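Enquirer: Give me a model of this one.
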Amino acid sequence: MNSSNVCEVAMCLFIIVLFTDFLTLNAVKIEKVILPDVIQSQAPEGAILDCLYTVNSSQFTLQWLFNNSDVPVYEWKPNTEPVVGELLEGRLDLSYRASTFSTDERRALHIVSLEPNLSGEYTCKVVSDGLEARLSRSMLVFSPERDFTLVLQKQNRSTRLQCIARGVYPKPELTLEHDSVPFVRQQQRVWRSDGPLFDAESTATLHVNGEYCRPRRITCRLQLPQAGYAAMKKELIYVDGQQNCRNGSSASTSSTILFLALLTITFYSSKTAFL
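Expert: Numbering: from 1, shown residues only. Model prediction:
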């Protein structure tokens, strides 16, 4: 290897070392995004979305992005006031501070007005000296039922059941059950009602063949599988009418007593004849 080649190799190594030092000094790294995976809408404590990062400069920009948009819903540079996008306008506690250090005090979002339309993927992005780091995580804001009813309409030998849940999110499952067993034949439908919210309805008919006086337990079960939320309504009914069932029970009891009385008389009559 001649001297010129040695110089070229040395120069390359020098450039690599300088470039490595530059990257080290100007490194940008996001360590963690912290937020609730699932939270109820209008939770009194709100939700805090935090971003833990490392940046070796005070001249950087922090952004929060929502879903697939590159337009930030929140942008902050140290020693300046944050810029809030339309999605979060009026929903943030801007007095919240995640730290006492000027380089990360305004990094977090404290959302005080939670609605289902805030469900989605949040990305923390930090840009410094042409270098960029980002990390994403999803949050689900679920809405429990605003109204939940179970209506029973008794007919001759059947009862029509109707269960309705209104104003829920995300998409619900609504199931009618009798004695903890789902109805095989039930009509279920779900539709959008107000923005992202859903309404749901399930109907079924309970038929009874022959005399049936034992009460039936009717349950309407509402579930939001993605949120791990469940609620239920229960009713106890006599399909044939409670009064008829009571009369039937009384008649059966009377017949049993009469049979026992006749059996006793017969026994004593036989005993007297034997003596």
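Enquirer: Please name the residues that touch Ser158.
Expert: The contact partners of Ser158, taken as Cβ atoms under 8 Å, 6 or more residues apart in numbering, are 205-208, 239. Placement of C-beta: from N, CA and C, glycine included.
Enquirer: Name the member of these with the most neighbours.
Expert: Of all those, the highest neighbour tally under other Cβ atoms under 10 Å goes to Val239, namely 22 neighbours.
Enquirer: Grab the CA positions of whichever helix or strand Tyr122 is part of and hand them over as CSV.
Expert: For Tyr122, the enclosing helix or strand under DSSP states H and E is strand 120-128. Output of strand 120-128 as CSV, limited to C-alpha atoms (Å, rounded to 0.1, in the frame of the first residue of the first chain):
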residue,chain,number,x,y,z
GLY,A,120,-57.1,6.6,17.4
GLU,A,121,-53.3,6.4,17.0
TYR,A,122,-51.2,9.2,18.6
THR,A,123,-47.6,9.7,17.4
CYS,A,124,-44.9,11.6,19.2
LYS,A,125,-42.4,13.2,16.8
VAL,A,126,-39.2,15.0,17.8
VAL,A,127,-37.1,16.8,15.1
SER,A,128,-33.7,18.3,15.8
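Enquirer: now for that strand, which elements pack on it?
Expert: Contacts of strand 120-128 with other secondary structure elements, assessed using 3 or more Cβ pairs under 8 Å, 6 or more residues apart in numbering; DSSP states H and E, are made with strand 28-34, strand 47-55, strand 61-66, strand 131-142.
Enquirer: Return the distance of it from the chain's centre.
Expert: Here the centre of mass of C-alpha atoms in strand 120-128, compared against the chain's by Cα atoms, centre = their mean, to the nearest Å, lies 24 Å away.
Enquirer: In that strand, which residues are buried?
Expert: Using 16 or more other Cβ atoms under 10 Å as the test for burial, strand 120-128 gives 122-128.
Enquirer: could you check the angle strand 47-55 makes with it?
Expert: Strand 120-128 runs at 30 degrees relative to strand 47-55, counting by axes from the mean of the first three to the mean of the last three Cα atoms, to 10 degrees.
Enquirer: ok, residues contacting strand 120-128?
Expert: With Cβ under 8 Å, 6+ apart as the contact definition, strand 120-128 has outside contacts at 26, 28, 30, 33, 35, 49, 51, 53, 55-57, 59-68, 72, 132-139.
Enquirer: Repeat that for stretch 101-117.
Expert: The list of residues contacting stretch 101-117 from outside it, by Cβ under 8 Å, 6+ apart, reads 39-43, 46-51, 53, 55, 58, 62, 64, 74, 76, 78-79, 82, 88, 90-93, 96-99, 118, 141-143, 169-170, 195-197.
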